[in-house]
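# Mind looking at a prediction? Sequence and model below.
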Amino acid sequence: MKVDLNRVITIDALIRQKATGSPDCLAEHLNISRRALFDTLNFMRVQLDAPIVYSKIRRTYTYQEHGSFSFKYRKL
């Protein structure tokens, strides 16, 4: 699966702000289909071990645990 890293970074930022909204709203905000959204979220969960859950009460995606991604090149 080809993944848009900018999309992952944007979704991560919105999750941290608790501002994703519903899946439909998030997909519309990102200008992608629901299927593309769910594929990206699944990639984040499976490949990046992101503990993403959807809160029906808050109507937003959240992380079950605190953590962060690091997509920066580091010199050895």
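That came through fine. From a predicted model like this one, the values you see are computed outputs, not experimental measurements.

# State the number of residues packed around the residue nearest to I11 when sequence neighbours are not counted.
Using CB to CB, 6 or more residues apart in numbering and skipping residues adjacent in sequence, the residue nearest I11 is T40, 6.5 Å away. Bear in mind the C-beta positions are built from the backbone N, C-alpha and C, glycine included. By other CB atoms under 10 Å, the residues close to T40 number 21.

# residue contacts, T40?
Neighbouring residues of T40 by CB atoms under 8 Å, 6 or more residues apart in numbering: V3, D4, R7, V8, I11, I32.

# give me the element the residue lying closest to the second one once chain neighbours are set aside is part of.
The spatially closest residue to D4, leaving aside those adjacent along the chain, is T40, at 7.4 Å (CB to CB, 6+ apart). With secondary structure defined by DSSP states H and E, T40 is part of helix 34-46.

# Please enumerate the strands of the chain.
Ranges of strands in the chain, per DSSP state E, are 52-55, 60-63.
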